[in-house]
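K.L.:
task: produce atomic coordinates for the following.
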Amino acid sequence: MTVIEIHNLKKSYNPGKLAVNDVSLSIQKGESLGLVGESGCGKSTLAHCLLGVEKMDAGSIVYNEEPIAHANRKQLRNYRRNVQTVFQNPTASLNPKLKIRDSLLDPYLQFKDDLQLKHFHFTSKQDFVQQLLETVELPKGLADRYPHELSGGQKQRVTIARAISIEPKLIVLDEPTASLDVLSQGAILELLGSLQQTLGMSYLFISHDLAAVYQLCQRIAVMKDGELLDVFRKEEIYDSNRHDYTKELIDIF
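P.N.:
The predicted model follows:
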């Protein structure tokens, strides 16, 4: 079952130069698709179009077999609930004036009238917060702390907990380990893999780090200069028909 389809997406910031040039991709239910390439290749621009942060110039994004450009208000709300994101900088993602419990509850409070949660069962908001912290392997006592009292890895776990709290179909992971130390990077990748198995959601994992993408993802897509050069299953990474640029990334990997 396909969760998201991207068809012939184009996006430019300057006349004559496309940041994303005619890219088509699909993401299947329960799949991790890695989107890899050097900085400035168009990965994050593609993600921003997918999230509605940027408006695409041409092409379409299809969710539930309907182009989101034609979606009504109710359909757009459903799309926004089911496509969540985890960004590179967890400090910027969390309101410094809110306690962790309030940050964790925010998505639920926004969408509670539309939710039928399958994996989280609770009788109170406090119980829900504790379940979320436990799910991302954080002490329950962190609920009453503020973001500045947490380490970088802990804050990223909180942003992941926020993203999974409303059980979306897809999470866009935009360089989620780039700002973390090596030990925290490995721990976050292991957590993401475990959560996917438990909750059954899909990931679009955007990174310049092929090793991280290889660890988490079943399929890998390679971008350069706004264009999609290669898409393959990870067990096909060393096949002779890989694009030359993919081979360069593999040599570094």
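K.L.:
so residue 5 makes contact with residue 62?
P.N.:
Yes. With contact defined as CB atoms under 8 Å, residue 5 reaches residue 62; the gap is 4.1 Å. For every residue, glycine as well, the C-beta is placed using N, CA and C.
K.L.:
is the nearest residue to residue 106 once chain neighbours are set aside part of a helix or strand, or is it coil?
P.N.:
If the residues on either side of it in the chain are set aside, residue 106 comes closest to residue 162, at 7.1 Å by CB to CB, 6 or more residues apart in numbering. Under the three-state scheme (DSSP: H, G, I helix; E, B strand; the rest coil), residue 162 adopts helix.
K.L.:
for stretch 237-250, what does the pLDDT average out to?
P.N.:
When pLDDT is averaged along stretch 237-250, the result is 95.
K.L.:
can I get stretch 187-194 in CSV, CA atoms only?
P.N.:
Coordinates of each C-alpha in stretch 187-194 appear next as CSV, following Å, rounded to 0.1, in the frame of the first residue of the first chain:
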residue,chain,number,x,y,z
ALA,A,187,21.0,5.5,19.9
ILE,A,188,18.5,7.6,18.0
LEU,A,189,18.7,5.4,14.9
GLU,A,190,18.2,2.3,17.0
LEU,A,191,15.1,4.0,18.6
LEU,A,192,13.7,5.0,15.2
GLY,A,193,14.0,1.5,13.9
SER,A,194,12.4,0.0,17.0
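K.L.:
now the strands for the stretch 151-253 of the chain?
P.N.:
Using DSSP state E, counting those that start in this stretch, the strands of the stretch 151-253 of the chain run over residues 170-174, 202-207, 219-224, 227-233.
K.L.:
those strands into a markdown table, with extra columns for mean neighbour count and distance to residue 243?
P.N.:
Output for the strands of the stretch 151-253 of the chain, formatted as a markdown table (neighbours: other CB atoms under 10 Å; distance: least, CB to CB, whole Å):
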| stretch | mean neighbour count | distance to residue 243 |
| --- | --- | --- |
| strand 170-174 | 24 | 23 |
| strand 202-207 | 25 | 18 |
| strand 219-224 | 22 | 7 |
| strand 227-233 | 17 | 4 |
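K.L.:
let me know which of these is the nearest to residue 50.
P.N.:
Ranking those by proximity to residue 50 (CB to CB) places strand 170-174 first, at 6.3 Å.
K.L.:
direction included, what does that closest one pair against?
P.N.:
Sheet pairing for strand 170-174, assigned by DSSP bridges, gives strand 83-86 (parallel), strand 202-207 (parallel).
K.L.:
CSV for those strands, including mean pLDDT and distance to residue 234?
P.N.:
Below are the strands paired with strand 170-174 laid out as CSV (pLDDT from 0 to 100; distance: least, CB to CB, whole Å):
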stretch, mean pLDDT, distance to residue 234
strand 83-86, 97, 21
strand 202-207, 97, 12
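K.L.:
out of those strands, which gets nearest to residue 42?
P.N.:
Ranking the strands paired with strand 170-174 by their distance to residue 42 (criterion: CB to CB) puts strand 202-207 first, at 10.3 Å.
K.L.:
can I get the CA coordinates of that closest one in PDB?
P.N.:
Extracted C-alpha coordinates of strand 202-207, given in PDB (Å, rounded to 0.1, in the frame of the first residue of the first chain):
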ATOM      1  CA  SER A 202       6.700   5.000   7.300                       C
ATOM      2  CA  TYR A 203       9.700   7.200   7.300                       C
ATOM      3  CA  LEU A 204      11.200   9.600   4.800                       C
ATOM      4  CA  PHE A 205      14.700   9.900   6.200                       C
ATOM      5  CA  ILE A 206      16.700  12.800   4.700                       C
ATOM      6  CA  SER A 207      20.400  12.800   5.300                       C
END
